Every structure is written in structure tokens, then in C-alpha cells.
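Asker: Mind folding the following:
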Amino acid sequence: MEHRNSREIAAPGRKTLGTRRTAMRVMHRQSVGIMAVYEQDPTVAEPGTRMLVFESPSLCTRVVNFPAEWQRLSDEELVAIRRASASEDHRGS
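Answerer: Model prediction:
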């Protein structure tokens with residue numbers, strides 16, 4: 001896997017709202033199409049812990065327990081994390 005160096009480009013007069021940079025991955029899943037996977041900081045309206053978000057046009061799953069190095073996982077490993085979280089939610093209902 002090739003890693004590219006990137007540099008932050010600040011827009012004049014614009015302040016960032018996040019507390020740290022956020023990594024994002026885009027996957028193509030046959031069942032849901034394009035899916036973005038990214039970390040999300042808690043908000044004032046929804047305090048809590050940092051989450052890993054799986055978002056597509058048809059679904060949005062937020063996972064609280066995820067590996068710190070999730071970016072290094074394969075697409076299949078990420079999908080397994082999302083599915084495990086979804087099945088835990090259903091068992092808890």
C-alpha cells in the first residue's frame with residue numbers, strides 16, 4: 001500500500017471546527033454502493049466518545065468500539081466491524 005504525504009491548506013479567515021485531522025476511506029460495496037468510512041468527534045449536542053462512521057446513501061452506522069489503526073484494515077475487516085456493531089445493537093433492543 002502506498003502512502004502519500006499531504007499538507008494542510010488553510011483557507012484565509014477560516015477556522016477548523018475539528019480537534020484533529022480525520023481520516024476517510026471510500027469503499028464500493030455491492031450491497032450498498034459507495035460507502036464512506038470516517039472518524040467523527042463528539043459534538044456539544046451529542047457528547048460522548050469518538051466514533052467510526054459508515055455512511056452510504058441508504059444507511060449510516062456509528063461504531064464506538066473500533067481499532068485505533070482502522071485505516072490499515074481491509075475493506076472486508078471494516079465491514080465485519082460494522083456488521084458486528086449492527087448485530088450488537090439488535091441484541092440490545
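Asker: Output the contacting helices and strands for the top strand by length along the chain.
Answerer: Taking DSSP state E as the criterion, the chain has its longest strand at strand 33-40. Applying 3 or more Cβ pairs under 8 Å, 6 or more residues apart in numbering; DSSP states H and E, we find strand 33-40 packed against strand 24-29, strand 51-55. For glycine as for every other residue, the C-beta is placed from the backbone atoms N, C-alpha and C.
Asker: what are the pairing partners of the last one, and which direction each?
Answerer: It stands for strand 51-55. In the sheet, strand 51-55 lines up against strand 33-40 (antiparallel), strand 60-63 (antiparallel) (DSSP bridges).
Asker: list the buried ones in the first one?
Answerer: Of the residues in strand 33-40, 35, 37-39 count as buried by neighbour count, 16 or more other Cβ atoms under 10 Å.
Asker: any idea which of the residues you listed is closest to Glu55?
Answerer: Distance to Glu55, by Cβ to Cβ, is smallest for Met35 among the buried residues of strand 33-40, at 6.7 Å.
Asker: Against Gly48, how distant is the closest one?
Answerer: Computed with Cβ to Cβ, to the nearest Å, the distance linking Met35 and Gly48 is 22 Å.
Asker: and what of Val79?
Answerer: Val79 is 23 Å from Gly48, where distance means Cβ to Cβ.
Asker: ok, the two, which is more surrounded?
Answerer: Of the pair Val79 and Gly48, Val79 is the one with more neighbours under other Cβ atoms under 10 Å, namely 18 against 10.
Asker: Assign that one to helix, strand or coil.
Answerer: helix (DSSP: H, G, I helix; E, B strand; the rest coil).
Asker: So what's the residue count around the nearest residue to Leu73 once chain neighbours are set aside?
Answerer: Nearest residue to Leu73, sequence neighbours excluded (Cβ to Cβ, 6 or more residues apart in numbering): Pro67, at 7.0 Å. Residues within reach of Pro67, counting by other Cβ under 10 Å, total 12.
Asker: Fine by me, thanks again.
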